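> Below are the sequence and a predicted model for it; my questions follow.
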Amino acid sequence: MRRNIIQKPILVILGPTASGKSSLAVKIAKKFNGEVISADSRQVYKGMNLGTGKITKKEMEGIPHHLLDVASPKRKFTVVQYRKLALKALEKIFKKGKLPIICGGTGFYIQALIDGITIPPVPPDWKLRRKLEKKSVEELYELLKKLDKKRAETIEKKNKRRLIRAIEIVQKLGKVPPLKKDPLPYPVLMLGIKKEKKELKKLIRKRLLKRIRQGMIAEVKKLKKSGISWKRLEEFGLEYRWVARYLQNKISKEEMIEKLQKEIENYAKRQMVWFKKDKRIIWIKNQREAEKLVRNFLKKKES
RNA sequence: GCCGGGGUGGUGUAGCUGGUGCGCACGGAACUCUGAAAAAGUUCAAGAUCCGGUUCGAUUCCGGGCCCCGGCA
């Protein structure tokens, strides 16, 4: 049996928002017989298109895309669901003998998928969370210390959300299990799109203005009409948060644009913090570099 | 025009009695990451007193200027 069949190479294309991941992924997919698996925590939702910078049908140029529009914005989608669905998509693509291209900006999702962090099998208990939410961080920390001393040692003492999650797990399992990883048994090539700060800011601005022209505000209005609360829109962050505030007359349109620009820039920065840690990522400047690396990667696997 | 309130960093603000005012938020930098990850959280740096006077010392007292807000005319 030829080794490349067993080996099942995977390509990851990541980078900050507005860096041009989607279009690069399509180009690579066309050249190397690939299909795209999106890794974006907002593009999974139906009806959230312009605000998330989701690729359009036309831009896909016939390349199949997975993990887009797989959830209703009314319900919360989580990493665990992402991982499950993405793994399925991965197998499907392998079965066709094609190259899976994981493309997106949500570092946590990418990590969950390729490194397989094993998340304790305790689904969110919103009732419990609401109850715990009323306590102070100090109280929560003391509570966790009593329940699971070990986890209390390593947790961030002031992070309420994490404390609550830890307690939630303890209540179901008795303790927080140690962190385990279950990485994919396939070779992975990770490419990151590198952009100068200044250039990225420009790209963000250009894209932001374009999306507003294309009807981003109407999109948010439509979501509201379909029953998504202001609170939920606020939760989605960035575009949805600020457009919602604008629609509620809390801020002017100019303010909305300026705030959004800043927030998106900050978001891009946070994404980079996440990516920087991963030393496997090869940072590239353009399509040509990407193609060369992919070609070498695939060749190696066959020899 | 008069009365009252206020003017503090790149921006918005907090500050008791005159004692070396530098807090909070935004913005800047770095970072963390176990079912919300565009989430949540942490750390760091820098940065201001309208002009003059009184005083050993003024954000705080006095005088002057300009500006803003509210009320009256």
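Structure's in. What do you need? Numbering: from 1, shown residues only, chains lettered A, B, ... in the order given.
> Looks like A:Leu247 contacts A:Val220 (just checking).
Yes - contact criterion CB atoms under 8 Å: A:Leu247 and A:Val220 qualify, at 6.4 Å. Every residue, glycine included, has its C-beta placed from N, CA and C.
> Of these two, which one has the most company?
Here A:Leu247 and A:Val220 are compared on neighbour count by other CB atoms under 10 Å; more neighbours surround A:Val220, at 25 against 16.
> The more buried one sits in which helix or strand?
Per DSSP states H and E, A:Val220 falls inside helix A:216-225.
> can that helix be found next to RNA strand B?
No - taking CB under 7 Å from any atom of the strand as the criterion, helix A:216-225 and RNA strand B are apart, separated by no less than 10.2 Å.
> same question, stretch A:168-187
Yes - under the criterion of CB under 7 Å from any atom of the strand, RNA strand B is reached by stretch A:168-187 at A:169, A:176-179.
> What mean pLDDT does that stretch get?
Per-residue pLDDT over stretch A:168-187 has a mean of 89.
> Just the buried residues of it, please?
By neighbour count on 16 or more other CB atoms under 10 Å, the buried set for stretch A:168-187 is A:168-170, A:176.
> and if you look at stretch A:76-93?
A:77-79, A:82-83, A:85-86, A:89-90, A:93.
> where does the stretch 151-300 of chain A come near RNA strand B, residue by residue?
A:151, A:156, A:158-162, A:164-165, A:169, A:176-179, A:235-240, A:262-263, A:265-267, A:269-271, A:273-274, A:276-277.
> A:Leu189 belongs to a strand, doesn't it?
Yes - counting by DSSP: H, G, I helix; E, B strand; the rest coil, A:Leu189 falls inside a strand.
> How many neighbouring residues does it have?
22.
> Same question for the one 4 residues further on.
Close neighbours of A:Ile193, defined as other CB under 10 Å, add up to 23.
> For it, which non-adjacent residue is closest in space?
A:Gly15 (3.4 Å; CB to CB, 6 or more residues apart in numbering).
> For the one you found, give me its contacts.
A:21, A:105, A:192-195, A:271, A:275 (CB atoms under 8 Å, 6 or more residues apart in numbering).
> Would you reformat the buried residues of stretch A:168-187 as JSON lines and include secondary structure and distance to A:Pro185?
Output for the buried residues of stretch A:168-187, formatted as JSON lines (DSSP: H, G, I helix; E, B strand; the rest coil; distance: CB to CB, whole Å):
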{"residue": "A:Glu168", "secondary structure": "helix", "distance to A:Pro185": "31"}
{"residue": "A:Ile169", "secondary structure": "helix", "distance to A:Pro185": "27"}
{"residue": "A:Val170", "secondary structure": "helix", "distance to A:Pro185": "32"}
{"residue": "A:Val176", "secondary structure": "coil", "distance to A:Pro185": "27"}
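> quick one: the helices in the stretch 101-250 of chain A?
A:107-114, A:126-133, A:137-147, A:149-154, A:160-173, A:197-214, A:216-225, A:230-236, A:238-247 (DSSP state H, counting those that start in this stretch).
> Make CSV from those and add distance to A:Leu50 to it.
Output for the helices of the stretch 101-250 of chain A, formatted as CSV (distance: least, CB to CB, whole Å):
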stretch, distance to A:Leu50
helix A:107-114, 21
helix A:126-133, 29
helix A:137-147, 37
helix A:149-154, 40
helix A:160-173, 29
helix A:197-214, 5
helix A:216-225, 4
helix A:230-236, 13
helix A:238-247, 8
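> Can you give the domain ranges for chain A?
Listed domain ranges for chain A are A:3-117+A:182-302, A:126-173 (source: automatic domain parsing).
> tell me the most buried of those?
domain A:3-117+A:182-302 (a mean of 17; mean count of other CB atoms under 10 Å).
> that's a strand at A:Leu260, yeah?
No - residue state for A:Leu260 (three-state DSSP) corresponds to helix; a strand is not indicated.
> my read: it touches A:Tyr240, true?
No - counting by CB under 8 Å, A:Leu260 stays clear of A:Tyr240, with 10.4 Å between them.
> Centre-most residue in chain A?
Central residue of chain A (CA atoms, centre = their mean): A:Thr106, 2.4 Å from the mean position.
> Cheers, nothing more for now.
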